[in-house]
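A.B. asks: test case, fold it:
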Amino acid sequence: MTRPPRTLVLPPRLTASARTLRAAALRRGLRIVEATASAVPEGLDGPGWAGWPEGAGPDASSGGARNAEAAGNTAGEAPSVHLHAGPSFADVVAPALGIALLEAPADWLARLPRALTRREILALPIGEAYRLRRPAFVKSPNDKGVPALVYADGSRLPGPDAVDPETVVLVSDVMTFADEYRLHLLDGTVHAAGQYAESGRLRLGPAGGDALAFGREVLAAAGETLPSAIVVDVGRDDTGRWAVIEANAAWASGCYSADPDRALDTVLRAAGPATGLSPHDRGFVR
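C.D. replies: Next comes the predicted model:
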């Protein structure tokens, strides 16, 4: 009896971070399936999908023992397929592969205690945000539908011809950070971490003890409101105050300077077989 190797599905045009995670996955023995630019519109069975192991792919999620046996797994265990990609690609591919995408609730940041955010944050329909008459940082909670920018007022937001007025956005007071860190959280711990910005510009480096300590503080206060695998960005302002910047889906997040092997752990949990979800994580599926 052999256990089928896990498969990591990647999109076209890999970022530097995705290439780093691909290398970590290969070292671990995962199979890699990379799509070409035409793969999504042509369908999962088209020629743009190269590298599916026998018994894996779009039929494996429903093929049962037949597909498992084809992959050499006589116990009937279906191959485990995971994904690392942006939301638009993942939303098309994940359902066909039986992958559950974990993410934070859309209003998670807005519901955090002020002591963890250091600013007012509201989750509201963009139709209401059009009434803003002050500068605010506005973004989509879990994708790039509304660009994350400081808008002079609500009239500068994408209009109803571009975005459904009922689309929820996060509206935040403007806050600047001296340095920013990405925390890869897994099973209630800071599993990997690294710095990604300084004074608003890219700067890669290790995460210091203060960043890790603040991450543990966030988990203690709000860990139960997050899935078991997630990315949370935190930062420190010029006065030394720590704050949560945002939460991001681990399957769509770059690893920056974090240990790629440990960052991969969060990706595999955050985008894996729906059949393997824990009761806790079922409430956080995209």
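
A.B. asks: okay, helices next: where are they in the stretch 1-150 of the chain?
C.D. replies: Along the stretch 1-150 of the chain, counting by DSSP state H, counting those that start in this stretch, helices occupy 16-28, 39-42, 60-70, 87-97, 108-111, 114-117, 126-129.

A.B. asks: below-threshold pLDDT in the protein: ranges please.
C.D. replies: Flagging of the chain using pLDDT under 70 yields the residue ranges 1-3, 37-78.

A.B. asks: repeat that with 90
C.D. replies: Across the chain, residues meeting the criterion (pLDDT under 90) sit at 1-5, 13, 35-79, 143-145.

A.B. asks: in it, spot the strand with the most residues.
C.D. replies: If you go by DSSP state E, the chain has its longest strand at strand 189-198.

A.B. asks: just the buried positions in it, please.
C.D. replies: By neighbour count on 16 or more other C-beta atoms under 10 Å, the buried set for strand 189-198 is V190, H191, A192, A193, G194, Q195, Y196, A197. For glycine as for every other residue, the C-beta is placed from the backbone atoms N, C-alpha and C.

A.B. asks: and for stretch 220-227?
C.D. replies: Buried, per 16+ other C-beta under 10 Å, within stretch 220-227: A222, L226, P227.

A.B. asks: what's the distance between R131 and F89?
C.D. replies: 34 Å (C-beta to C-beta, to the nearest Å).

A.B. asks: and A271, by the same measure?
C.D. replies: A271 is 11 Å from F89, by C-beta to C-beta.

A.B. asks: dump the C-alpha coordinates for stretch 265-285 into PDB.
C.D. replies: Extracted in PDB, the C-alpha atoms of stretch 265-285 (Å, rounded to 0.1, in the frame of the first residue of the first chain):
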ATOM      1  CA  ASP A 265       2.600  24.400   6.000                       C
ATOM      2  CA  THR A 266       0.100  27.200   6.300                       C
ATOM      3  CA  VAL A 267      -0.700  27.100   2.500                       C
ATOM      4  CA  LEU A 268      -1.300  23.400   2.500                       C
ATOM      5  CA  ARG A 269      -3.700  23.700   5.400                       C
ATOM      6  CA  ALA A 270      -5.400  26.800   4.100                       C
ATOM      7  CA  ALA A 271      -6.200  25.300   0.700                       C
ATOM      8  CA  GLY A 272      -6.600  21.500   0.900                       C
ATOM      9  CA  PRO A 273      -9.200  18.800   0.500                       C
ATOM     10  CA  ALA A 274     -12.700  19.800   1.600                       C
ATOM     11  CA  THR A 275     -13.200  16.300   2.900                       C
ATOM     12  CA  GLY A 276     -10.400  16.900   5.500                       C
ATOM     13  CA  LEU A 277     -11.800  20.000   7.100                       C
ATOM     14  CA  SER A 278     -12.000  20.200  10.900                       C
ATOM     15  CA  PRO A 279     -15.300  21.200  12.400                       C
ATOM     16  CA  HIS A 280     -13.700  24.600  13.300                       C
ATOM     17  CA  ASP A 281     -12.500  25.300   9.800                       C
ATOM     18  CA  ARG A 282     -15.900  24.600   8.200                       C
ATOM     19  CA  GLY A 283     -17.000  28.000   9.200                       C
ATOM     20  CA  PHE A 284     -14.200  29.800   7.400                       C
ATOM     21  CA  VAL A 285     -14.600  28.400   3.800                       C
END
